[in-house]
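got a predicted structure here, sequence first:
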Amino acid sequence: MSFKETKDKIEYGDTVILHIGYNNMIPLIIKKGETHQTKFGAVKHDAMVGMTYGTRVQCPKGWICTLHPTPELWTLCLPHRTQILYSTDISMIIYQLDLKPGSVVAEAGTGSGSLSHAMLRTVLPTGRLLTFEFHKERSEKALEEFTQHQLKEFVTVTHRDVCGEGFQLNNEVDAVFLDLPKPWECIKSAKDAIKKEGGRLCTFSPCIEQVQRSCDELVKNGFTDITTVECLARNFNIQKAKLQNINLDDGAGDTFSIENENSGESNPKVMKMENTNLDSKQDKKRDNNSIHCFSAAVPVIGMQGHTGFLTFASIYSQ
Ligand SMILES: C[S@@+](CC[C@H](N)C(=O)[O-])C[C@H]1O[C@@H](n2cnc3c(N)ncnc32)[C@H](O)[C@@H]1O
C-alpha cells in the first residue's frame with residue numbers, strides 16, 4: 001500500500017483501513033494465508049486481494065469496508081505511542097507553514113507520525129521531511145511505518161535530542177515544526193536550519209506559558225509576524241426553530257425559540273435576532289403575530305476540544 005499514490009485494487013503487503021463501524025477503524029497489513037477477527041466474524045486476507053478499494057467484504061455476521069489509506073484515516077486509527085496531532089490542527093499547520101510539493105520541512109518530535117504522514121503527502125513528490133525524535137523505539141517504529149507505507153525515500157528519521165544537540169542543519173529547510181515540551185530551547189537551531197532566503201516556523205504547545213516563552217525566544221532570534229492561534233472545530237446542530245413577531249422593516253427586535261429535538265422541550269434561551277434575513281415578499285406579507293417554523297443550524301454552546309496553541313512566525317532573508 002502506498003500513501004504516495006492511490007490505486008484501485010488491494011494487493012498483498014498493502015495497509016488497508018478496515019471500517020468496521022462508527023468510530024471503529026483499524027489498519028490491517030494484508031498477508032498471504034492470514035485471517036483477521038472482527039466483531040462480525042473472521043475475514044480472510046486472501047479474500048480481500050484483488051478487491052477494489054472502498055468495497056464491502058462480507059463476514060459471517062455482517063460486513064466491513066476496505067478503505068484506501070489517507071493521512072486523515074491514518075491519524076484516526078494509527079497505533080498511539082504518544083499524544084498526536086489531529087486533522088483540525090494539521091490542516092492549519094500545513095497551510096500556515098506554506099508547505100507544497102517540493103518543500104523541505106523539519107519536524108521534532110516525530111511522536112506517532114500523525115503529522116508526518118500529512119506533511120509527506122503535501123511535499124511529495126519532490127520535497128522531503130526531516131523528522132527528529134529522541135526516544136529510540138519511537139524513531140525506529142516511525143521509520144518502520146514510513147517504509148511500510150512506501151514513504152521511506154522522502155523522509156529522514158533521526159534519533160536525536162534537538163534541544164540538547166540541535167537540528168545540525170544549515171540553510172536547508174523551508175519550514176520547521178516543533179511539538180516538544182520546551183520548544184524555546186531549539187529555536188536558535190531551527191533558525192539556522194531555515195534557508196537563507198527565509199522560511200516559516202510553527203510550535204505546538206498546550207499551555208499559554210509555553211507559548212510566551214517560545215514567543216520571547218522567537219523575538220530574540222529575529223522572527224517576525226508572530227501569531228498564535230487555537231483551532232477548534234465548531235459543531236452546529238440542526239434544530240427546529242419558531243420565529244415570532246417578524247418586524248417587516250429590519251428584523252431588529254424579533255425573537256425566535258429553538259426546540260430541543262431530543263427532549264421535545266422548547267429551549268429556555270430565547271434569542272434576540274439581529275437580522276431575520278426573511279425579506280421575501282411572501283414573508284413580508286405575514287402579520288406581526290404569525291409564527292414561522294423552520295430548520296436552523298444552531299451552534300453548540302460551549303466549545304470543547306482544546307488541544308494546544310499553534311504559534312507561527314517568519315524569518316526573512318538571513
Ligand atoms: C507529542 S509527541 C509528537 C506527536 C506528533 N506531532 C504526532 O502528530 O504524532 C512529542 C514527541 O517529541 C519527542 N521529544 C520530546 N523532546 C524531544 C527532544 N528534545 N528532541 C527530540 N524529540 C523530543 C517525544 O519523545 C515525543 O515522541
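That came through, no problem.

per-residue confidence for whatever residue of the stretch 201-318 of the chain ends up closest to the ligand?
Per CB to the nearest ligand atom, residue 204 is where the stretch 201-318 of the chain lies closest to the ligand, at 7.1 Å. Bear in mind the C-beta positions are built from the backbone N, C-alpha and C, glycine included. Note for residue 204: predicted pLDDT of 98.

that one contacts residue 89, doesn't it?
Yes - with contact defined as CB atoms under 8 Å, residue 204 reaches residue 89; the gap is 6.9 Å.

what sits in contact with each of those two?
Each of 308, 310 lies in contact with both residue 204 and residue 89 under the rule CB atoms under 8 Å, 6 or more residues apart in numbering.

where along the stretch 151-300 of the chain do the helices fall?
Using DSSP state H, counting those that start in this stretch, the helices of the stretch 151-300 of the chain run over 162-165, 187-193, 208-220, 281-285.

any regions of this structure where pLDDT drops low?
By pLDDT under 70, the weakly predicted segments of the chain are 1-2, 243-290, 302-303.

list the residues that contact the residue nearest to the spatial centre of it.
Of all residues in the chain, the one closest to the mean position by CA atoms, centre = their mean is residue 87, 0.7 Å from it. By CB under 8 Å, 6+ apart, the contact set of residue 87 is 72, 75, 118.

which one is the first one nearest to, not counting chain neighbours?
Pointing back at residue 72 there. Leaving aside its sequence neighbours, residue 72 sits nearest to residue 87 (CB to CB, 6 or more residues apart in numbering; 5.2 Å).

quick one: name the residues of the stretch 151-300 of the chain near the ligand.
161, 162, 163, 179, 180, 181 (CB under 6 Å from any ligand atom).

what is the neighbour count of residue 105?
As a burial measure, residue 105 scores 28 neighbours (other CB atoms under 10 Å).

hang on, it packs against residue 124?
No - using CB under 8 Å, residue 105 makes no contact with residue 124, being 11.7 Å away.

now the strands for the stretch 151-300 of the chain?
155-159, 175-178, 198-205, 224-230, 236-244, 255-259, 266-272, 291-299 (DSSP state E, counting those that start in this stretch).

what strands line up against the last one, and which way round?
Meaning strand 291-299. Applying DSSP bridges, strand 291-299 is found paired with strand 236-244 (antiparallel).
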